[in-house]
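Trainee: I need the structure of the sequence given here:
(one chain, ligands or ions: 2)
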Amino acid sequence: MSSLNLDDFTDLIERPDGGVRRDAETHRERRIVPPGSLGRLDDLGEWLAAAQSAVPVRPVERPRVVLFAGDHGIAELGVSARAAGSAADLVRAVLEGGRPVSVLARRLGVPVRVVDMALDCDPASLPEDVVRHRVRRGSGRIDIEDALSPEEAEAAFRAGMAVADEEADSGTDLVVLGDVSVGGTTAAGVLVAALCGTDASVVTGRGGLAIDDLAWMRKCAAIRDALRRARPVLGDQLQLLATVGGADLTAMTGFLLQAAVRKLPVLLDGVVASACALVGQRVAFRAPDWWLAAHDSGEPGQAKALDRMALEPLLSHGVTVGEGVGGLLALPLVQAAAALAAELPELPEDAEGSGDAGQPEAEAEAEPAQEQEAGQAR
Ligand SMILES: O=C(O)c1ccc[n+]([C@@H]2O[C@H](COP(=O)([O-])O)[C@@H](O)[C@H]2O)c1
Ligand SMILES: Cc1cc2nc[nH]c2cc1C
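Mentor: Ligands and ions are numbered 1, 2, ... in the order given. Below is the predicted model of the structure:
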């Protein structure tokens with residue numbers, strides 16, 4: 001196997017089509033509704049049009065939830081409200097239909113794919129439909145040891161890329177990316193703090209089931225210790241993921257970058273996906289153009305990561321359950337934006353500039369252009 005060079009992503013990832021985006025804006029200005037009256041849904045529709053390279057934008061008809069699953073050794077320190085090594089229970093519940101993501105996916109008719117990257121269980125005890133890419137049983141305890149060996153990290157990253165290729169090849173038109181983990185938010189906190197140059201307390205949140213003050217202090221100390229191990233490898237993103245990320249987060253980063261190569265738009269769920277996206281941005285600065293932030297979960301590390309990527313969350317409902325739920329909540333909004341962008345009629349030619357669609361032309365053009373630049377400059 002040829003060795004993996006993450007620098008290649010810089011050239012492989014293109015920008016969403018700017019010309020198409022301008023066409024979509026022109027179409028928007030001619031519609032029967034007053035300019036601005038659909039708020040951010042217009043931006044969303046145009047972003048999707050550019051990602052698809054299609055005006056009018058196509059409806060999102062084949063979305064999927066992709067969840068990367070793994071246990072984290074750091075959970076042994078009592079940084080999670082869940083028992084260390086119990087992520088497999090969650091995976092079973094997701095696929096048996098008993099988790100929040102299962103309920104929403106059923107209601108919306110969206111298939112859910114779960115990928116085992118580092119669950120700490122007998123593989124035979126997992127439901128058959130779990131995608132098998134396990135590189136080890138539980139990622140290492142990142143406060144004192146590397147999460148992964150270099151070989152495991154490369155295998156995990158490639159597995160994530162392979163899943164992105166499978167999705168793109170099978171006609172998936174948007175992916176909700178999430179995780180099912182125990183201890184994953186601690187690893188995510190380390191990545192965000194390391195890449196943003198902040199200290200542990202700034203990124204330490206309360207995790208899936210809110211942890212108490214003592215557990216919060218243990219989590220903060222664990223992040224602090226792992227950060228010390230992360231700083232020397234900040235320049236090499238694969239090594240950073242091997243040192244403090246873990247198998248699931250490494251695969252998610254590979255997934256995100258390859259999805260961007262394949263022009264497959266991704267809705268980021270929660271803090272873990274956002275932390276991986278931040279690593280991805282370090283690898284290829286254009287990559288975040290292909291991603292949407294589904295929601296603000298309330299985790300401080302997530303807000304920090306999204307801010308760095310200039311991604312504005314679509315929703316904010318205090319949803320901290322992870323497992324793609326925030327992404328599925330935002331999906332209907334994306335679908336609504338696509339429908340409004342594609343299906344609202346245009347005014348007749350001679351009505352342009354009059355009636356309730358009237359707006360000084362300069363103004364209509366200046367606004368989206370500025371926004372796009374702001375998004376790209378960061
Ligand atoms: O999405 C978030 O911001 C979020 C915040 C807290 C917890 N979670 C989810 O909760 C799960 C357990 O996380 P942890 O680190 O508290 O063991 C994991 O699957 C996370 O995705 C997710
Ligand atoms: C909706 C939207 C999503 C984005 N993702 C990256 N840049 C973006 C800009 C907009 C406007």
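Trainee: Distance of the residue in the stretch 151-300 of the chain positioned nearest to ligand 1 relative to residue 37?
Mentor: Proximity to ligand 1, evaluated over the stretch 151-300 of the chain using Cβ to the nearest ligand atom, is greatest for residue 270 at 2.0 Å. For the C-beta atoms, the positions are set from N, CA and C on the backbone; glycine is no exception. From residue 270 over to residue 37 the distance is 31 Å, taken as Cβ to Cβ, to the nearest Å.
Trainee: The two: which has the busier surroundings?
Mentor: residue 270 (32 against 11; other Cβ atoms under 10 Å).
Trainee: Okay, and the closest residue to the more buried one other than its chain neighbours sits in which element?
Mentor: Once flanking residues are discounted, residue 270 sits nearest to residue 297: 4.7 Å by Cβ to Cβ, 6 or more residues apart in numbering. In this assignment (DSSP states H and E), residue 297 forms part of neither any helix nor any strand.
Trainee: cool, residue 178 as well?
Mentor: strand 174-182.
Trainee: for residue 256, same thing?
Mentor: Going by DSSP H and E, residue 256 is in helix 247-261.
Trainee: what packs against that helix?
Mentor: On a contact count with 3 or more Cβ pairs under 8 Å, 6 or more residues apart in numbering; DSSP states H and E, helix 247-261 meets helix 8-12, strand 63-71, strand 112-118, helix 150-169, strand 174-182, helix 184-196, strand 266-268, helix 270-283.
Trainee: residues near the closest residue to residue 10 other than its chain neighbours, how many?
Mentor: Nearest residue to residue 10 in three dimensions, chain neighbours excluded: residue 284, at 5.0 Å (Cβ to Cβ, 6+ apart). Neighbourhood size, residue 284 [other Cβ under 10 Å]: 23.
Trainee: gap between residue 284 and residue 305?
Mentor: 16 Å.
Trainee: Near ligand 1, which residues of the stretch 101-250 of the chain? Just list them.
Mentor: Proximity of the stretch 101-250 of the chain to ligand 1, by Cβ under 6 Å from any ligand atom, involves residues 179, 180, 181, 182, 183, 184, 185, 186, 207, 208.
Trainee: Just flag the most distant two among these.
Mentor: Spatial extent of these (Cβ to Cβ) is set by the pair 180 and 186 at 15.1 Å.
Trainee: residues contacting residue 163?
Mentor: Residues in contact with residue 163 (Cβ atoms under 8 Å, 6 or more residues apart in numbering) are 66, 113, 115, 131, 133, 251, 255.
Trainee: Compare these and tell me which is most surrounded.
Mentor: residue 251 (34 neighbours).
Trainee: mind listing what that one touches?
Mentor: Residue 251 touches 68, 115, 117, 133, 156, 157, 159, 160, 163, counting by Cβ under 8 Å, 6+ apart.
Trainee: Going by distance to ligand 2, which of the residues you listed wins?
Mentor: residue 160 (19.9 Å).
Trainee: wait, what's in contact with that closest one?
Mentor: 68, 250, 251, 252, 253, 254, 255, 256, 258.
Trainee: how about the residues you listed in a markdown table, adding distance to residue 345 and pLDDT?
Mentor: Output for the contacts of residue 160, formatted as a markdown table (distance: Cβ to Cβ, whole Å; pLDDT from 0 to 100):
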| residue | distance to residue 345 | pLDDT |
| --- | --- | --- |
| 68 | 42 | 99 |
| 250 | 47 | 99 |
| 251 | 44 | 99 |
| 252 | 41 | 99 |
| 253 | 42 | 99 |
| 254 | 43 | 99 |
| 255 | 38 | 99 |
| 256 | 37 | 99 |
| 258 | 38 | 98 |
